[in-house]
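Visitor: Show me how the following folds:
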Amino acid sequence: MSLKKKYKIWINYVIGPLLFIILSFSIYYKVKNQTGLEETKDLLNSAVSGNNLWLLLLLVLLMCVNWGIEARKWHLLVSRVQPVNYFTAYKAVLSGVSLSLFVPNGIGDYAGRLVYMQEGNRLKSITLTLVGSMAQLIITLTAGLAGLLYLSKGSWLELEQFKGLSVYWVNGIIFMIAMGALLMLFIFFKLNWLTIMFEKIPFVNKYRFMVENLETISRGDLTRILSLSAGRYCVFVVQYLIMLHIFNVQLNTADAVSSVGVLFLVLAILPTIPVADLGMRGEAGLQLFGLLSLNKLGIIATTAGIWLINLILPAVAGSLFILGIKLFRNR
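Guide: Numbering: from 1, shown residues only. As a prediction, this is how the structure comes out:
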């Protein structure tokens, strides 16, 4: 057996279990030490019993739907470079969630998905994965903008915190977000321009293979990806509404949906490491929902519950899938 083959076998059958062990211990200790979880333990325990049990089961089901939609998006995109069945796409997405818990800006998410691609297709799939992330960001910016407009022109007007705040400053923020969303939407539907740009820049042209598959994405496919992203966003919102109800955070539906949209907007703009951002999520949620509700403990419990269901549970499942990863495929 050649040295190269021995090296590949060692990597294939050691790296997966090693990653699983590291991720398992890291998830356990970092979740255990998160601020905000201890003070909401009683609320979380009480939510498991009684009439709320079926709502919690529904939240877990919606979590599966959420990541299932994301898997479908990735499945549609990477099929341009390599046939991937849907279950493999689902495993890749959950593996990415597991790795992304410790790496900022979604880098771990891409790494987790790449290991399910063949060696020659991994770099090609990066840009296609970015297309899916870009679609989700466009939806987040647009919905967040709508929420910001609704709250700033309605429920926030009478709040003491906003009296004396310059209307020009608020309108300036809204304008910048709107321009950013429109610019991203324009680029999204003109992705084939990237291949043209790569061709014209000499020192970048050698990496053209990474973007050439963008030319194969039709406007209809892009619209489909954007629609799936909108569907996934709706799942997020429904999850928050259910969790707010479980912890008795009293908000009317329009205010709740708008506040969730602004919260997602803030979290999308601020780069964080997901496993370390419960404190940031809790603080952001407390600041936003706290403007319209006095149930501060319920707000903290809501953000903690969503964090556990949407990130920690999928990360645990993803770490199990990582056990079977093989960086090198047999040829």
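Visitor: all contacts plus neighbour counts: C-alpha atoms, from now on.
Guide: OK.
Visitor: Residue 213 is in contact with residue 82, isn't it?
Guide: No: Residue 213 sits out of contact with residue 82 when judged by Cα atoms under 8 Å, with a separation of 11.2 Å.
Visitor: When the two are compared, which one has more neighbours?
Guide: residue 213 (20 against 16; other Cα atoms under 10 Å).
Visitor: which residue packs closest to the more buried one, ignoring adjacent ones?
Guide: residue 80 (6.9 Å; Cα to Cα, 6 or more residues apart in numbering).
Visitor: With residue 262 instead?
Guide: Nearest one to residue 262, counting by Cα to Cα, 6+ apart, is residue 144 at 4.6 Å.
Visitor: burial measure for residue 201, as a count.
Guide: Neighbours of residue 201 (other Cα under 10 Å): 10.
Visitor: typo on my end, residue 242
Guide: 18.
Visitor: repeat for residue 133
Guide: Neighbours of residue 133 (other Cα under 10 Å): 18.
Visitor: Could you check how far it is from residue 294?
Guide: According to Cα to Cα, to the nearest Å, residue 133 stands 35 Å off from residue 294.
Visitor: got it, and residue 185?
Guide: 37 Å.
Visitor: of these two, who's got more company?
Guide: residue 185 (18 against 13).
Visitor: gap between the helix or strand harbouring that one and the chain center?
Guide: Following DSSP states H and E, one finds residue 185 within helix 167-188. Chain-centre distance of helix 167-188: 21 Å, with Cα atoms, centre = their mean, to the nearest Å.
Visitor: Which other helices and strands does the next helix or strand after it contact?
Guide: Counting by DSSP H and E, the next helix or strand C-terminal to helix 167-188 is helix 192-200. Counting contacts by 3 or more Cα pairs under 8 Å, 6 or more residues apart in numbering; DSSP states H and E, helix 192-200 packs against helix 202-205.
Visitor: model confidence over the helix it packs on, on average?
Guide: Averaging pLDDT along helix 202-205 gives 66.
Visitor: now do stretch 214-230
Guide: The model assigns stretch 214-230 a mean pLDDT of 91.
Visitor: Need the CA coordinates for that stretch. CSV is fine.
Guide: Below are the C-alpha coordinates for stretch 214-230, written out as CSV (Å, rounded to 0.1, in the frame of the first residue of the first chain):
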residue,chain,number,x,y,z
LEU,A,214,-23.2,30.5,-12.0
GLU,A,215,-23.9,30.9,-15.7
THR,A,216,-26.1,27.8,-15.6
ILE,A,217,-28.4,29.2,-13.0
SER,A,218,-31.5,30.5,-14.8
ARG,A,219,-33.7,33.4,-13.6
GLY,A,220,-36.4,30.8,-12.8
ASP,A,221,-33.9,28.8,-10.6
LEU,A,222,-32.8,32.0,-8.8
THR,A,223,-36.5,32.9,-8.1
ARG,A,224,-37.0,29.4,-6.8
ILE,A,225,-34.1,29.7,-4.4
LEU,A,226,-35.3,33.1,-3.3
SER,A,227,-38.8,31.6,-2.7
LEU,A,228,-37.4,28.8,-0.6
SER,A,229,-35.4,31.4,1.4
ALA,A,230,-38.7,33.3,2.0
